[in-house]
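Peer 1: can you look at this prediction? I've put the sequence above it.
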Amino acid sequence: LGRRRHGGGRSRPPPPRILSAFPDDSYSPRTPAADTVPSYCQSPDRRLALSGTILLIEDEEAIADLVRLFVEREGFRLVHAETGEEGLARLAERDARAVLLDVGLPGIDGVEVCRRIRAGSDVPVIMLTARDAEVDKIVGLEIGADDYVTKPFSPRELMARIRAVLRRTEERP
Ligand code: CA
């Protein structure tokens, strides 16, 4: 057993002095904003805010889950509706920055949903199409959609389309 020392022992040496590289305290850390945001959250031009609500109208759960994952990872909030009727109701309740709209929906189909959206809103609409025939329909009928992606689409492509459509519609001079 060691003897306990009460105070009278040798005082500890002072901690080594660290010479400051910034003697006049002029140093301040770089603004952290750009460096701490993960790269996938940054829009290429930094002006586009990746926030707000994206409305997805899609009856296939697997696609909805995948879209949610990517949309939320970029910083948006996703509101998901499984039918056109529900989607129109959601859009009436709250502002969405963009709508992702499946063409093949139970009940009223995506083409008709897009027409009804356009009757009262300029919100950007990206159609999700399953077949070439559906592409012909949305292109040929001029239903007012801003863009479309063909299933199966890569989530990366979808996110690029969303950013592009937001840039086009929100950054008009
Ligand atoms: Ca569908």
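Peer 2: Received it, and whenever you're ready, just let me know what you need.

Peer 1: CA only for contacts and neighbour counts going forward, please
Peer 2: Will do.

Peer 1: wait, what's in contact with whichever residue of the chain sits closest to the ion?
Peer 2: Closest approach between the chain and the ion, counting by CA to the ion: Gly104, at 4.1 Å. Residues in contact with Gly104, defined by CA atoms under 8 Å, 6 or more residues apart in numbering, are 110, 129-130.

Peer 1: filter those residues to the buried ones?
Peer 2: The neighbour count (16 or more other CA atoms under 10 Å) marks 110, 129-130 as buried among the contacts of Gly104.

Peer 1: which of these are close to the ion?
Peer 2: Among those, no residue is within reach of the ion (CA under 5 Å from the ion).

Peer 1: and which of those residues is nearest to Asp122?
Peer 2: Within the buried ones among the contacts of Gly104, the smallest distance to Asp122 is 16.2 Å, found for Gly110 (CA to CA).

Peer 1: now the closest one. Nearest residue, chain neighbours left out?
Peer 2: Val103 (3.9 Å; CA to CA, 6 or more residues apart in numbering).

Peer 1: you'd agree the one you found is up against Leu128?
Peer 2: Yes - contact criterion CA atoms under 8 Å: Val103 and Leu128 qualify, at 6.1 Å.

Peer 1: confidence-wise, which of the buried ones among the contacts of Gly104 comes last?
Peer 2: Ranked by pLDDT, the buried ones among the contacts of Gly104 bottom out at Ala130 (90).

Peer 1: how close does that one get to Val113?
Peer 2: Plainly put, Ala130 is 16 Å away from Val113 if you go by CA to CA, to the nearest Å.

Peer 1: residues in contact with Lys151?
Peer 2: 128-131.

Peer 1: quick check: buried residues in stretch 165-173?
Peer 2: 165-166, 169.

Peer 1: whoops, stretch 156-164 was the one
Peer 2: Neighbour-count burial for stretch 156-164, counted by 16+ other CA under 10 Å, picks out 158, 161-163.

Peer 1: considering those residues, which is situated nearest to Asp65?
Peer 2: Checking these one by one against Asp65 (CA to CA), the nearest turns out to be Leu158, at 13.7 Å.

Peer 1: alpha carbons of the helix or strand hosting the closest one, as PDB, please.
Peer 2: Here Leu158, judged by DSSP states H and E, is contained in helix 155-170. In PDB, the C-alpha atoms belonging to helix 155-170 read as follows (Å, rounded to 0.1, in the frame of the first residue of the first chain):
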ATOM      1  CA  PRO A 155     -33.800   7.700 -57.400                       C
ATOM      2  CA  ARG A 156     -30.900   9.800 -58.400                       C
ATOM      3  CA  GLU A 157     -32.500  10.700 -61.700                       C
ATOM      4  CA  LEU A 158     -35.700  11.500 -60.000                       C
ATOM      5  CA  MET A 159     -34.000  13.800 -57.500                       C
ATOM      6  CA  ALA A 160     -32.100  15.500 -60.400                       C
ATOM      7  CA  ARG A 161     -35.500  16.100 -62.100                       C
ATOM      8  CA  ILE A 162     -37.000  17.500 -59.000                       C
ATOM      9  CA  ARG A 163     -34.100  20.000 -58.500                       C
ATOM     10  CA  ALA A 164     -34.300  20.900 -62.200                       C
ATOM     11  CA  VAL A 165     -38.000  21.600 -62.100                       C
ATOM     12  CA  LEU A 166     -37.700  23.600 -58.900                       C
ATOM     13  CA  ARG A 167     -34.900  25.700 -60.400                       C
ATOM     14  CA  ARG A 168     -36.900  26.300 -63.600                       C
ATOM     15  CA  THR A 169     -40.100  27.300 -61.900                       C
ATOM     16  CA  GLU A 170     -38.800  29.100 -58.800                       C
END
